[in-house]
Structure formats: C-alpha cells, structure tokens
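J.: Sequence first, then the predicted structure:
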Amino acid sequence: MENLLKSIALSLKTKNWPAAIFMTLSIPDICAALESDNGKTSKKKYIKWFDKYLAETYKKRIGARKKEHTFLTGNDMYAFRCSMLHEFSDDTKSQDSKDKIGKFRMTISSGHLNYNCDVTPEEIIDGDELHIDIPCFCIEVCNAAKKWMQSNPSLLVNTKTAYILDFSDNNA
C-alpha cells in the first residue's frame, strides 16, 4: 500500500493526472479486497469502505443556514470508478450504481466540491455535475487509506495478494 501511495504522490508531483486518478479510484477496491476473506472486492465492499473511511470528508455545511450537504456518496464514487476505469469517462449517467452525480468535472486548482455554476439550487439537491480537484481528491482518498492502514496493520501483509506486487529493486 505504501508503494501505491508513493506512486500517487509522484503522479501528482509530475502532473500525471490519469495515473493519479486511476490509482486513487482503485484504493477502496484494494483495501476492501485485503479485508475480504476471499481476497476479492465487490461493489458492496467498495461502498462499505467508502462509507467507513471517506463519507465524512464529503459532507459539508453550505449556504447561509449551514445545512449539511453530501457532495459525494459511496455509490457515486463507485459509479465514477466504473466510468473512469472501464470507459475513461467522467460521465456516470449510464451507471446503475450512481446516486445523483451524473458527471464529474475534473479540474486542477479551480474548485473542489463545487457544482457547475449553471446548476440551479434545485439541481444541487438532485446532483448533476460535481467539480473534483484532482490533487485534492487524490490526497483525501490517500489520507483515508492511511487511516485504514493504521486500523488494519496486519492486513498489509495479506498472503493472498502480497506475492503479486513486489516492486523492490533487487539491483539496487
């Protein structure tokens, strides 16, 4: 997991946005698989991991009345993951698992967790297009992974998957 987090950080530093997003969207899958008895992930396990480690990150108080609003749910993030990893698309309208976000507008330092300025207050309630700042998003998910790692240190030596990802440089 440490290698994955370092790879994401390097991708952010070198502005390799696709690599950063792909690896970041895979983190809940990897953690869920490591927690699983059979070493496999699923939509349900991905969403459960999101709900436990990320959900609070995407709840904010907005407006004059500071009403709590959920910007991103586990279902929406799973839909984003499916669209991005399988179709290289930020459009989730066709994803069955989505809750309310139909499109993820990925940006670089031009707003995070903002809705498209053309969206009306009614559409904000129903969702539509959510702006995600790639570096912010990646860091938030990596921070959740670090919390997960602290809570599950024994899973990081999971024998079901450990043999696959040995990136050590034996020539160094």
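T.: It's in.
J.: so what secondary structure elements neighbour the helix or strand containing Lys60?
T.: Assigned by DSSP states H and E, Lys60 belongs to strand 59-62. Strand 59-62 is packed against strand 67-70, with contacts defined by 3 or more CB pairs under 8 Å, 6 or more residues apart in numbering; DSSP states H and E. To be clear about C-beta, it is placed using only N, CA and C from the backbone, and glycine gets the same treatment.
J.: Note down every partner strand of the strand it packs on and its orientation.
T.: Paired with strand 67-70 in the same sheet, following DSSP bridges, are strand 59-62 (antiparallel).
J.: so how far is the partner strand from its chain's centroid?
T.: Centroid separation for strand 59-62 versus its chain: 18 Å, with CA atoms, centre = their mean, to the nearest Å.
J.: Render the CA-only coordinates of it in CSV, please.
T.: What follows is strand 59-62 as a C-alpha-only set of coordinates in CSV (Å, rounded to 0.1, in the frame of the first residue of the first chain):
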residue,chain,number,x,y,z
LYS,A,59,-20.2,16.1,3.9
LYS,A,60,-20.1,19.9,4.2
ARG,A,61,-22.3,22.6,5.6
ILE,A,62,-23.3,25.0,2.9
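J.: Of all the residues in that strand, which ones are buried?
T.: Buried residues in strand 59-62, counting neighbours by 16 or more other CB atoms under 10 Å, are absent.
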